[in-house]
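In: Could you work out the structure for the sequence below:
(one chain, ligands or ions: 2)
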Amino acid sequence: MTARFFEGLILAMESSCDETSVALIRGHEVLTNVVASQIELHQKWGGVVPEAASRAHVQAFLPTMQEALDGAGLALGDVDAIAVSNRPGLVGALSVGVTAAKALTLALDRPLIGIHHLDGHLSSPLSVAPDLPFPHLSLVVSGGHTELVEVLEPGGYRILAETRDDAAGEAFDKGARLMGLGYPGGRQIQERALSGDPKRYRLPRAMAKDDTSFSFSGLKTAMLRLVEAEGPHLDIPDAAASLQEAIVDALAKRVRSVLEAHAPQALTLVGGVAANHALRRRLADLSAQHGVRFVVPPFDLCTDNAAMIGLAASVRLARGEHDGLSLDVFPSAPLPTVEST
Ligand code: KG4
Ligand code: ZN
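Out: Ligands and ions are numbered 1, 2, ... in the order given. This is a model prediction of the structure:
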């Protein structure tokens, strides 16, 4: 089975955390995807401050939407449907996008659809692989999630393994903070790791004992001990490389056992941590060894963006799904299962 796509023009919005993003999608094609990042705003606090995030979304929304329309040479009157991430995320931040989406729905008299943020990440590979076969396997790794998911049909999921504590992105972010590298940590660690020796510091492989979970809290504690023990002698590139290797090893080991058990038709890697070069390389090699097709979205569709929300919406709108003006926001929400789609 492959996905079917909505043929009209979708205006998609994402504001669940610290990026305001607006995209225009037709079918599986991303016409524009504009992201206004709040990274600089939150950097001084070392993490996302929800109140500040909501306010920044309000300020950024209209200029971001205008830039998206201008980039595609289109006007609001050309839009056939409106998609917005409405769960899970920071409620204040989500409310900005959902309120804007409802206002546009009323003004344009077009259908509205609310999208689960992870349904968005999981749909991002469709931008480069519209023929992706279903079912397939996906590793979702972001700042809030670490899950191995069986994608049974377009938009219908079953979780095979999830984290018991921190997400992979949090392991990067917390490690970076301990080393004084700033927020968000994943990219900082990746850059420092380029000149580092991944074998220099021995760190645990962040594995839970059972097959159905990941665990990164032991790794965080080990990093804290390492930073305290080495003090000013800590070699930052070597520590960054060692941390990155520990996270990649833990993720790859679990993926390997699922590839062996399930022999999927394809493997996708999605979420902010999918931007990590070492992880992309490792999973590409692993997939090649198992004769499995590997698909990873382009870098700008890994970290939070509205194009992925539009892609998930395209699949749902093609099936006739949509929501009403009572659409609500939810701080936490289960991934759509096959039964509920
Ligand atoms: O998907 P995302 O943008 O937001 C959430 O939904 O959480 O993911 C953000 C996470 C952060 O933890 C960030 O440090 C991590 O993705 N990240 C990376 C890289 N770029 C972003 N982690 C490792 N290597 C990267 N290049
Ligand atoms: Zn995300």
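
In: going forward, measure contacts and count neighbours with C-alpha atoms only.
Out: Will do.

In: Centre of the chain to stretch 264-282, how far?
Out: In terms of CA atoms, centre = their mean, to the nearest Å, the centre of stretch 264-282 is found 11 Å from the chain centre.

In: right, I mislabeled it, should have said stretch 294-311
Out: Distance of stretch 294-311 from the chain centroid (CA atoms, centre = their mean) equals 7 Å.

In: Repeat that for stretch 227-241.
Out: Stretch 227-241 has its C-alpha centroid displaced from the chain centroid by 29 Å (CA atoms, centre = their mean).

In: Can you list the buried residues in it?
Out: By neighbour count on 16 or more other CA atoms under 10 Å, the buried set for stretch 227-241 is 227, 235-241.

In: how about those residues in TSV, adding secondary structure?
Out: Formatted as TSV, the buried residues of stretch 227-241 follow (DSSP: H, G, I helix; E, B strand; the rest coil):
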residue	secondary structure
227	helix
235	coil
236	helix
237	helix
238	helix
239	helix
240	helix
241	helix
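
In: who in the protein is up against ligand 1?
Out: Contact residues (CA under 6 Å from any ligand atom) of the chain with ligand 1: 142-144, 169-170, 172-173, 184-187, 190, 271-273, 275-276, 303-304.

In: other SSEs contacting the helix or strand that residue 113 is a member of?
Out: Using DSSP states H and E, residue 113 falls within strand 112-116. For strand 112-116, the packing partners by 3 or more CA pairs under 8 Å, 6 or more residues apart in numbering; DSSP states H and E come out as strand 81-87, helix 91-108, helix 307-318.

In: Extract the C-alpha set from the last one and format it as PDB.
Out: I take that to be helix 307-318. Provided in PDB are the C-alpha atoms of helix 307-318 (Å, rounded to 0.1, in the frame of the first residue of the first chain):
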ATOM      1  CA  ALA A 307       5.600  21.200   5.900                       C
ATOM      2  CA  MET A 308       5.400  17.900   7.800                       C
ATOM      3  CA  ILE A 309       2.000  19.000   9.300                       C
ATOM      4  CA  GLY A 310       0.800  19.700   5.700                       C
ATOM      5  CA  LEU A 311       2.000  16.300   4.500                       C
ATOM      6  CA  ALA A 312       0.100  14.500   7.400                       C
ATOM      7  CA  ALA A 313      -2.900  16.600   6.500                       C
ATOM      8  CA  SER A 314      -2.700  15.800   2.800                       C
ATOM      9  CA  VAL A 315      -3.100  12.100   3.600                       C
ATOM     10  CA  ARG A 316      -6.000  12.700   6.000                       C
ATOM     11  CA  LEU A 317      -7.800  15.200   3.800                       C
ATOM     12  CA  ALA A 318      -7.600  12.800   0.900                       C
END
